[in-house]
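*Asks:* got a predicted structure plus its sequence, pasted below:
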Amino acid sequence: MDGTSLHILGLSATEERIYRHFLRNPGTLGEDIHVLLHAPREEVETGQERLVHLGLLHGDRAGIYAADPETAVGRLTDHRLRVLHEQLQQVTRTRHLIAELKAEQGARSLAPQGVERLESLPQIRDRIDDLAFFAREEILSVEPYSALTPDNIVHARPLDARCLRRGVRIRSVVLQEALDHPPTVAYLRELTAQGASIRVAESFSERILVYDRQTALVPVDPADTSRGALLTQQAGLVSNILALFQKIWDQAVDLAVLTDDGSDSAQVLSEIERRVMEEMCRVGKDETGARNLDISVRTYRRHVADVLRILGAGSRPHAALLARERGWI
């Protein structure tokens, strides 16, 4: 725009053309001037309304008049200065953003000793969401909840499903008490159907989350999660937390065993596990089975291990025999 344009004073190109039109044609009607201006009717009507609001146009059904240029520019200048002053005040009030952004930056880098403390529940939830979103191989959890709320499930479902679709292995231990809550059981079954491995323990108080065996999250106080959590990538600490998880996992019972309602046992297997089981019984080489299912050999072998565990088989031939006995294949 050149220096004579009213754009600098806050008018759009269409609004300026409307104002100039009525300067040249005072007392005329505004009907159908969108045709003359080669602009959409709605855009022109909105522009006229704003010019009236700014005091640059006035009139009645008999005709419309433009305000004197000196008056118009004065009004626009005053209006523009007020807007700029408000924007300047908003800009000068944003210094607090520095502290907020620095806190966000600090939240992404662990303290020198390798342990970061997360203070608030929203901060903990945000970090858990980030860790789950970027997990590549495995998520391990021990969670002593007695029930999942509808909000918990709605929040967790898309992240859990995304991880499982990407081939991230999920192993979780929950309290047996949680099986008394039908919505919680339904969601746990939903996860197992998608490929998650879930076990149940009668009692424990630990809360553990481990991502890709490299990052561990534990509460400051397991009895009061509102006191915050500790996040670490320190190898020694993560190793000890992994050992504790494995101990709890080994002593827990598979969810399918405790929730078996006498229906078809093959429903215990997820769709991908069922297909892997069929390939395992049909072909001899993992590479062939993985290629047939269009998954990596590593993912294929991981599902084979899950199938063996679910069947309680000590070997692949044993698994094939048990699967046939149960009518799964």
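*Replies:* In hand now; what should we look at?
*Asks:* could you use CA atoms for every contact and neighbour count after this?
*Replies:* Will do.
*Asks:* secondary structure element for residue 216?
*Replies:* Per DSSP states H and E, residue 216 falls inside strand 215-219.
*Asks:* and that strand, what other elements does it pack with?
*Replies:* strand 208-211, strand 229-232, helix 235-251 (3 or more C-alpha pairs under 8 Å, 6 or more residues apart in numbering; DSSP states H and E).
*Asks:* any idea how far it is from the chain center?
*Replies:* On the basis of C-alpha atoms, centre = their mean, to the nearest Å, strand 215-219 is displaced by 20 Å from the centre of the chain it belongs to.
*Asks:* list the contacts of it.
*Replies:* For strand 215-219, contacts defined as C-alpha atoms under 8 Å, 6 or more residues apart in numbering pick out 207-210, 225, 227-234, 238, 241.
*Asks:* okay, it in PDB with CA atoms only?
*Replies:* C-alpha atoms of strand 215-219 as PDB (Å, rounded to 0.1, in the frame of the first residue of the first chain):
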ATOM      1  CA  THR A 215      12.900 -43.200  31.800                       C
ATOM      2  CA  ALA A 216      11.100 -44.000  35.000                       C
ATOM      3  CA  LEU A 217       8.400 -42.000  36.900                       C
ATOM      4  CA  VAL A 218       7.500 -42.700  40.500                       C
ATOM      5  CA  PRO A 219       5.500 -40.700  43.100                       C
END
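*Asks:* tell me the contacts of the residue lying closest to residue 39 once chain neighbours are set aside?
*Replies:* Spatial nearest neighbour of residue 39, excluding adjacent residues (C-alpha to C-alpha, 6 or more residues apart in numbering): residue 14 at 7.7 Å. Shown in contact with residue 14 (C-alpha under 8 Å, 6+ apart): 39, 43, 44, 47.
*Asks:* look up how far residue 32 lies from the second one.
*Replies:* Same thing as residue 43. Distance check for residue 43 against residue 32: by C-alpha to C-alpha, to the nearest Å, it reads 12 Å.
*Asks:* same question, the first one
*Replies:* In this view, residue 39 and residue 32 are 10 Å apart by C-alpha to C-alpha.
*Asks:* and for residue 319?
*Replies:* Residue 319 sits 81 Å away from residue 32 when distances are taken as C-alpha to C-alpha.
*Asks:* quick one: which of these two has more around it?
*Replies:* residue 319 (22 against 11; other C-alpha atoms under 10 Å).
*Asks:* who's in contact with the helix or strand where the more buried one lies?
*Replies:* Residue 319 is part of helix 316-325, with elements assigned from DSSP H and E. Helix 316-325 is contacted from outside by 277, 280, 281, 307, 308, 311, 312, 313, 329, using C-alpha under 8 Å, 6+ apart.
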